[in-house]
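# Have a look at this prediction, sequence included:
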Amino acid sequence: MHVVSIDKQTINQMPQVVFPGRIHIISAVSQVKSAVAALRTSPIVGFDTETRPCFHRGERHPVALLQLSTSSDAFLFRLNKTGVPEPLKQYLEDETCIKVGLSTSDDFHQLAGVCDCTPAGFVELQQLVKQYSITDMGLQKIYAILFQQKISKGQQLTNWEAPQLSEAQQRYAAIDAWACLKIYEYLQSGAFIPEQSPYWHELVEEENH
C-alpha cells in the first residue's frame, strides 16, 4: 500500500508561506455586513477559527476569531468583540456559499458556544485529501506536501482576545483560512498526482510481536 506523507524535519527545511493578500480586521458589528457582501462575491472561501489557549485544567474560552478568506482578501471577524451578527450567521448557514476548512467539526463545536448556528456549505479537507492517498491530517503537513512551503505555527498559542491583534497574529490567522482554499483549489484542478509526489512511498506496517 502506498501513501503520501511528510515528516516534520522535511517541512522545517522549506521556505515559509507568505500571505499575498489584504487583511481586513472586523471588530465592530457595523463592519460585518459589507465584509460578508464582499465574501459573497467569491464562489469558494477558506475558513478557520481561533480560540484563546487554555493553560489551566478546567479552563475554557469561547471562540475569539473567525477567519474567511478569498484568494486575495482575508476577513478576520473578532467574535469576542462582535458576537455573530445576523449577516455572518446567514452566510455560515448558506449552503450555496462554499466554505473550505480543516477539522471543521471542532470549529462548529466552538461556534455553538457563541451562536445558535447550523453551518452549511462546508467542505472538510480531512475527508478530501484521503482521496489523494494523503494520510497526514494537519494543515501544515498537507500544505507542505502540495506546495513545498512551511506554514509557521508560531502564533497558535497567543492571546486571540488581545485588545489589538499583532501583525504576526493577523498573518497567521489569514494564512490558516487562505491555505484551506488554496489546497482545495489545487486538488480540484487535477494538478496533484499522488504517484508523482516526492512524498509518495510504501507504507511499512510494523509487525506486532
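Good, I have the coordinates. Treat the numbers as computed from the prediction; the structure is a model and nothing was measured.
# residue boundaries of the strands in the protein?
2-4, 22-26, 44-51, 63-69, 73-78, 98-101, 122-124, 200-202 (DSSP state E).
# list the helices and strands the longest helix belonging to the chain packs on?
The longest helix of the chain (DSSP state H) is helix 167-189. If you count contacts as 3 or more C-beta pairs under 8 Å, 6 or more residues apart in numbering; DSSP states H and E, helix 167-189 packs onto strand 22-26, strand 44-51, strand 63-69, strand 73-78, strand 98-101, helix 125-128, helix 139-147. Where you see a C-beta, it was placed from the backbone N, CA and C, and this is true even at glycine.
# and the last one, what does it pack onto?
It stands for helix 139-147. Packed next to helix 139-147, using 3+ C-beta pairs under 8 Å, 6+ apart, are helix 8-12, helix 167-189.
# when you compare where the longest one runs with where strand 44-51 runs, what's the angle?
If I follow you right, that is helix 167-189. 140 degrees (axes from the mean of the first three to the mean of the last three C-alpha atoms, to 10 degrees).
# quick one: average pLDDT of helix 167-189?
Per-region confidence: helix 167-189 scores 96 on mean pLDDT.
# What residues sit buried inside it?
169-184, 187 (16 or more other C-beta atoms under 10 Å).
# likewise stretch 31-49?
Buried residues in stretch 31-49 (16+ other C-beta under 10 Å): Q31, V32, A35, V36, L39, S42, I44, V45, G46, F47, D48, T49.
# With respect to Q148, which of these is nearest?
The shortest gap between Q148 and any of the buried residues of stretch 31-49 belongs to G46, at 19.3 Å (C-beta to C-beta).
# So the closest one sits against L181, correct?
Yes. Counting by C-beta atoms under 8 Å, G46 touches L181, with 3.4 Å between them.
# which residues do the two both contact?
Residues touching both G46 and L181 (C-beta atoms under 8 Å, 6 or more residues apart in numbering): S69, V100.
# what stretches of this structure score poorly on pLDDT?
Scanning the chain with the threshold set as pLDDT under 70 gives 54-56, 58-59, 155, 157, 205-209.
# try 80
Residues of the chain that meet the criterion pLDDT under 80 lie in 53-61, 154-157, 204-209.
# on that earlier part again, take the strands of the chain and write them to CSV, including distance to L88.
Converted to CSV, the strands of the chain look like this (distance: least, C-beta to C-beta, whole Å):
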stretch, distance to L88
strand 2-4, 36
strand 22-26, 9
strand 44-51, 12
strand 63-69, 8
strand 73-78, 6
strand 98-101, 12
strand 122-124, 15
strand 200-202, 40
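# which stretch among those strands comes nearest F192?
Of the strands of the chain, nearest to F192 by C-beta to C-beta is strand 2-4, at 9.0 Å.
# Alright, I will stop here.
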